[in-house]
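Asks: Predicted model and sequence below, questions to follow.
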Amino acid sequence: MDHMQTVQSCEISGIRLQQIVEDRELREAGVLWPVTTDVAAVLMDEFPDEQLQGKRVLELGAGTGALGIAAAALGARVTLTDLAAIVPLTTQNVKLNSGTLARGGSAVVKVHCWGESTAELEPPFDVILACETLYWGGWDLFQDDTREGQFKTLLSCSKLDTKIIVGFTIRDKQREVGFLLEHCGKDFACRLSPRMTSTLEDLQDGDVCLVILQPHK
């Protein structure tokens, strides 16, 4: 383990995980986001009573991998993706938590830049997880605006019954909610998680937004 890395313990959907984090070079991509537990809770709402077992799950912007690893521990076949600079950390955490994988679950890590070919990901997927993927901190690993590329990846990796669970903290409402309504509205139906107490219109900075997207039939 690198000297700039530390190990944290966390619990997601009842799964105890060890997470290597590295926030000096990777910054936001190398830490565990609080919204991870919220997205995991929505995943359990959508797939209760072991219904996640055997499902093909894609995680975008996996970072440390906590969300995808928890899904794999619950029996899903998970593909965790991120940029090339980040996937070594994701891979470390998958190996560190390999003992939690049971019920036929699996976790593989692949490099994917949103908007590029998804052939190596082998779509489509039953579930796509996107936790804090609308955040942009102005740093070098991200382009200024990744929304269009992310939309293309969502479209390419989904099928008619795919559930896309999106969770993020409101920081720039126009940018973030606009992605859901403008970029996704023509191709995906958007519904709020029952865990939300506000409408999209009423969300304020610092609020957590949790939505489920599904392709229009």
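Replies: All right, it came through fine.

Asks: and the helix or strand of the chain with the lowest mean pLDDT, which residues are buried?
Replies: Least confident element among the helices and strands of the chain, by mean pLDDT, DSSP states H and E: helix 173-178 (a mean of 87). Going by neighbour count (16 or more other Cβ atoms under 10 Å), the buried part of helix 173-178 is 176, 177. For glycine as for every other residue, the C-beta is placed from the backbone atoms N, C-alpha and C.

Asks: how far does that helix sit from the chain's center?
Replies: 18 Å (Cα atoms, centre = their mean, to the nearest Å).

Asks: Next: stretch 84-92.
Replies: Stretch 84-92 sits 15 Å away from the centroid of its parent chain (Cα atoms, centre = their mean).

Asks: Over to stretch 34-48?
Replies: Distance, centroid of stretch 34-48 to centroid of chain: 11 Å (Cα atoms, centre = their mean).

Asks: Check stretch 165-173 too.
Replies: For stretch 165-173, the distance to the chain centre is 12 Å (Cα atoms, centre = their mean).

Asks: what ranges do the helices span in the chain?
Replies: 35-46, 66-73, 87-96, 147-157, 173-178 (DSSP state H).

Asks: So what touches the fourth one?
Replies: So the one you mean is helix 147-157. Outside helix 147-157, the residues within contact range by Cβ atoms under 8 Å, 6 or more residues apart in numbering are 58, 60, 112-116, 118, 121, 123-125, 128, 130, 133-134, 143, 164, 175, 179, 183-184, 187-188, 213.

Asks: Please list only the buried members of those residues.
Replies: Buried among those (16+ other Cβ under 10 Å): 58, 60, 112, 114-115, 118, 121, 123-125, 128, 130, 133-134, 164, 179, 183-184, 188, 213.

Asks: where does the protein have low pLDDT?
Replies: 1-4, 23-30, 136-145 (pLDDT under 70).

Asks: Strands along that one, start to end?
Replies: Secondary structure of the chain, counting by DSSP state E: strands at 6-12, 15-21, 56-60, 77-82, 106-111, 127-131, 163-169, 188-192, 208-215.

Asks: Please produce a markdown table containing the helices of the chain, extended by distance to residue 193.
Replies: As requested, the helices of the chain are exported to a markdown table (distance: least, Cβ to Cβ, whole Å):
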| stretch | distance to residue 193 |
| --- | --- |
| helix 35-46 | 5 |
| helix 66-73 | 15 |
| helix 87-96 | 25 |
| helix 147-157 | 17 |
| helix 173-178 | 15 |
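
Asks: Any idea what the residue most central in space within the chain is bridged to?
Replies: Centroid-nearest residue in the chain, with Cα atoms, centre = their mean: residue 130, separated by 3.1 Å. On the basis of DSSP bridges, residue 130 is bridged to residue 60, residue 166.

Asks: Contacts only, for it.
Replies: Taking Cβ under 8 Å, 6+ apart as the test, what residue 130 contacts is 59, 60, 61, 150, 154, 164, 165, 166, 167.
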